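In: following is a predicted model, sequence given first.
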Amino acid sequence: MNKEFTFTIKSICFDEKYQPSDGTRITTNFANLARGQQRQENLRNALRMIDNRFNSLAHWDNPSGDRYALQLEIISVEMAIGSDGNAFPAIEVLKTSIVDRVTSEVIEGIVGNNFSSYVRDYDFSVLLLEHNKNQPKFSIPDNFGDLHGKIFKNFVNSDTYKQNFSKPPVICLSVSDNKTYCRTENQHPVLGFEYRPNESSLTESYFKKMGLQVRCFMPPNSVAPLTFYFFGDLLNDYTNLELISTISTMETFQRIYRPEIYNANAAAGACYKPNLKNPDHSVTHIVYDREERSRLAIEQGKFAEECFVKPYRALLEEWSANYAL
């Protein structure tokens, strides 16, 4: 097997006309919005929320609060496997571009933001569940996340990535409802106050195998911290507008999907424990089905098992054993 996989990138605009492709995980944030009878209204409302949040954070030289608009692209990464040329939908992320209506300039934003992976579905919704079935104590399988992490690092270090994107990815996720977060004195003008969790998590260790560091910040006028996964120096490697593009996009998704945390009526205090059963929150009137998302994650994990893990197990194990940066 070749040392490197062959990656191919496809992109599609995420706008009110967006329809998910056949290879898209239908539990992915942006794809989930684009389903059902209210799909176009969902998309239109979400995009409006993103632009409004962007302008509220980028308030300088923006007296009417409408200077900027975000353009979003869904980046789909297919990976050619072995010598038969078959491709598997490995990763999907979002890329932001910032439209300055005053200068008519289109400014490159950040790639990453949302993170979607069938192999991660397999690891968490199939492998981890099978490993702990009928076990008295929860445990993690040996080498959990190793293959996924190596595939991700291989992609980010590939010529394909470098030819398409100028900076490393930043991924932004929700905080965990299993941890307590304490506010520090560190404050960034855009990211806001930094929060530190009381312990690490399985998700953090999984992303660490992807080569990513983690820090949590609560942006101005937010009600809960966001978790940022990144390479390098998050606070100095990216401009304020780049960071705002990620915050406005991913905070909007979280307000829709986790309103108990991100659309709560009271902001996080100095010590904060997220609560998905918090009754004191507002809804966005954008329709989604949280239970369906959980069920479909298992189906998507089984798809990865049948179409990727099982048929290419020997090749993947050999590649993973020999992989090194």
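Out: Nice, I can see it.
In: can you map out the helices along the chain?
Out: Using DSSP state H, the helices of the chain run over 29-33, 39-57, 118-122, 128-132, 146-156, 159-164, 202-208, 234-237, 240-257, 259-262, 290-304, 313-322.
In: weakest of those helices by average pLDDT?
Out: Note on these: helix 29-33 shows the lowest mean pLDDT, a mean of 60.
In: returning to that earlier point: how about the helices of the chain, which one is nearest T8?
Out: Of all these, helix 159-164 sits nearest to T8, with 7.3 Å by CB to CB. No exception for glycine: its C-beta is placed from N, CA and C like everyone else's.
In: could I get the buried residue list for that closest one?
Out: T160, Y161 (16 or more other CB atoms under 10 Å).
In: got it, and stretch 308-321?
Out: F308, V309, P311, Y312, L316, W319.
In: now stretch 267-286
Out: A268, Y272, P274, N278, H281, T284, I286.
In: and the closest residue to F138 other than its chain neighbours, how many neighbours?
Out: Distances taken as CB to CB, 6 or more residues apart in numbering put N132 closest to F138, at 5.6 Å, once the chain neighbours are dropped. Applying other CB atoms under 10 Å, we find 14 residues neighbouring N132.
In: wait, N132 sits on F144?
Out: No - contact criterion CB atoms under 8 Å: N132 and F144 do not qualify, at 11.4 Å.
In: okay, how far is it across stretch 63-73, tip to tip?
Out: For stretch 63-73, the separation between the terminal residues is 28 Å (CA to CA, to the nearest Å).
In: now the end-to-end length of stretch 303-318.
Out: 22 Å.
In: mind listing residues that contact that stretch?
Out: With contacts defined as CB atoms under 8 Å, 6 or more residues apart in numbering, stretch 303-318 is touched by M1, I81, G82, F88, Y118, V119, D121, Y122, V126, L147.
In: could you rerun that using 10 Å?
Out: The contact list for stretch 303-318 (CB atoms under 10 Å, 6 or more residues apart in numbering) reads 1-2, 5, 25, 79, 81-84, 86, 88-90, 117-123, 125-127, 130, 143, 147-148, 150-151, 296, 301-302, 319.
In: any of these buried? List them.
Out: Among the contacts of stretch 303-318, those buried by neighbour count (16+ other CB under 10 Å) are 5, 25, 79, 81, 88-90, 117-123, 125-127, 147-148, 150-151, 296, 301-302, 319.
In: thanks again, I'm all set now.
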